[in-house]
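[1] prediction below, plus the sequence it came from.
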Amino acid sequence: MDSGLKKGFSSGGVVARTLPTTAGLETMIPESVHSGDEHWMTLALLEAMNGVGWASPNPAVGCVLVEGDAVISRGFTQNYGGKHAERMAFESLLAQGPLSPDREIRAFVTLEPCTHHGKQPPCVDLLFHPALREVVIGCVDPDPRVSGTGIQALLAAGKKVRTGVLGPELRAWHLPFLHHRERQRPLWIAKWAENKQGLLADAQGSSKWITGPLSRGYTHWLRQKYDAILVGAGTWIADRPRLNVRDCAEPHRRNPVILIHDPKKRLVQETLPPGVRRFTQQSAADLVSAVENTDFGFELQSVFCEGGARTLNELFKTGRIGLVHRFIGEKDFGSEAEGSPHRIREFRPEADSNWVCTTLCDLEYDQLQEWVWRI
């Protein structure tokens with residue numbers, strides 16, 4: 001099984017950055033990064049990760065300004081309405097003193113600079129400064145208000161422009177935003193942990209814990225990346241999961257909106273925590289439609305589905321799952337495994353070439369697999 005991303009990268013960004021550690025950013029650059037351009041772009045991605053769960057609905061973009069063999073300024077997209085990555089980096093540089101046009105500065109940015117006026121002026125305008133000679137862009141922004149116009153504007157201003165450095169890795173990082181802009185609907189993501197026999201729980205539905213602390217830390221990082229988190233009523237009743245962000249690396253920007261699928265109306269008499277939404281549609285297709293047509297007060301770009309098995313299997317049947325986080329742990333359920341129905345039967349990548357494995361990563365004794373539906 002081949003992995004599509006460089007080792008050390010995932011849809012969560014640089015894997016080492018998602019886990020609690022005291023290591024500096026420079027030490028988190030994966031060994032799979034070899035060229036200088038990839039090195040600087042990885043630093044831009046690490047900057048972008050500082051905005052996880054904060055920049056939405058804007059993409060969490062990172063930017064580093066490089067002169068010679070040193071980063072001279074950094075930036076990441078701030079809370080919605082705040083400065084974008086390029087503006088943060090460039091204004092930080094200007095704050096150090098006058099910027100001579102004779103300098104030779106390169107900008108590395110994870111996503112194409114915007115050209116439209118929103119809550120902030122166009123980022124691309126900052127990059128016209130004569131001291132900036134080259135702009136290296138990870139991936140093109142498909143937003144109709146941008147979609148290549150940032151690159152065209154830079155070229156027209158006489159800048160050298162290159163695209164695609166760490167392109168697959170940065171597309172994986174920006175996937176919820178890119179998918180929403182390309183398809184005008186949210187990305188649905190499935191996540192589960194299973195043992196080596198493919199079981200999510202024993203015959204009685206007990207599962208705690210299949211995977212270890214590193215897998216849980218990575219999962220919590222993902223929770224703040226995605227806008228909403230969905231579980232079935234059975235999982236809610238059995239586990240009373242907190243579904244929040246607590247065991248991953250800082251920053252802890254937000255907790256996702258919690259959605260519960262309750263087709264049998266088992267929670268009708270229960271008072272749910274503030275902000276938790278309950279959906280009673282009988283079919284998964286109707287559930288998807290209801291969620292996508294609900295006004296949450298923000299632009300819903302992604303729905304993170306944590307199960308259980310019945311909910312996930314039904315969602316796979318709708319054909320709307322576009323990304324899978326699959327954790328395989330060591331837990332042995334012993335005799336309690338016999339007759340367990342808790343399996344993901346509707347995800348069969350070996351039988352469907354549309355599923356592409358992008359990430360294979362060992363998290364201590366667990367294995368993380370990430371699969372993307374080919375588009």
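    Sure, I can see it.
[2] so which residues of the stretch 101-250 of the chain form strands?
    105-111, 132-139, 160-163, 187-195, 228-232 (DSSP state E, counting those that start in this stretch).
[3] show me what the third one is packed up against.
    With contacts taken as 3 or more Cβ pairs under 8 Å, 6 or more residues apart in numbering; DSSP states H and E, strand 160-163 sits against strand 132-139, helix 149-156. C-beta: built from backbone N, CA, C; applies to glycine.
[4] of the ones you listed, which approaches Lys317 most closely?
    Closest to Lys317 of the helices and strands packed on strand 160-163, according to Cβ to Cβ: strand 132-139, at 31.1 Å.
[5] surely Glu330 touches Lys196?
    Yes - applying Cβ atoms under 8 Å as the test, Glu330 and Lys196 come out as touching, 7.3 Å apart.
[6] just the CA atoms of stretch 355-369, as PDB, please.
    What follows is the C-alpha trace of stretch 355-369 in PDB, where atoms were taken according to Å, rounded to 0.1, in the frame of the first residue of the first chain:
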ATOM      1  CA  TRP A 355     -10.200   5.400  -2.600                       C
ATOM      2  CA  VAL A 356      -6.600   6.600  -2.500                       C
ATOM      3  CA  CYS A 357      -4.400   6.000   0.500                       C
ATOM      4  CA  THR A 358      -2.600   9.300   1.300                       C
ATOM      5  CA  THR A 359      -1.200   8.700   4.700                       C
ATOM      6  CA  LEU A 360       0.400   5.700   6.500                       C
ATOM      7  CA  CYS A 361       1.800   6.700   9.900                       C
ATOM      8  CA  ASP A 362       2.700   4.800  13.000                       C
ATOM      9  CA  LEU A 363       1.500   6.500  16.200                       C
ATOM     10  CA  GLU A 364       3.400   4.500  18.800                       C
ATOM     11  CA  TYR A 365       1.700   1.000  18.700                       C
ATOM     12  CA  ASP A 366      -1.100   2.200  16.400                       C
ATOM     13  CA  GLN A 367      -1.300   2.800  12.700                       C
ATOM     14  CA  LEU A 368      -3.000   5.700  11.100                       C
ATOM     15  CA  GLN A 369      -4.400   5.300   7.600                       C
END
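[7] for it, buried residues please.
    Of the residues in stretch 355-369, those scored as buried under the neighbour-count criterion (16 or more other Cβ atoms under 10 Å) are 355, 357-361, 363, 366-369.
[8] buried ones in the helix or strand encompassing Thr42?
    Per DSSP states H and E, Thr42 falls inside helix 36-48. Within helix 36-48, the residues that count as buried by 16+ other Cβ under 10 Å are 37-48.
[9] list the contacts of that helix.
    Contact partners of helix 36-48, identified using Cβ atoms under 8 Å, 6 or more residues apart in numbering, comprise 13-14, 17, 25-26, 28-30, 33, 60-64, 66, 69, 71, 74-77, 85, 106, 108-110, 136, 138, 162, 165-166, 169-170, 173.
[10] tell me the angle that helix makes with strand 105-111.
    On the basis of axes from the mean of the first three to the mean of the last three Cα atoms, to 10 degrees, helix 36-48 is oriented at 60 degrees to strand 105-111.
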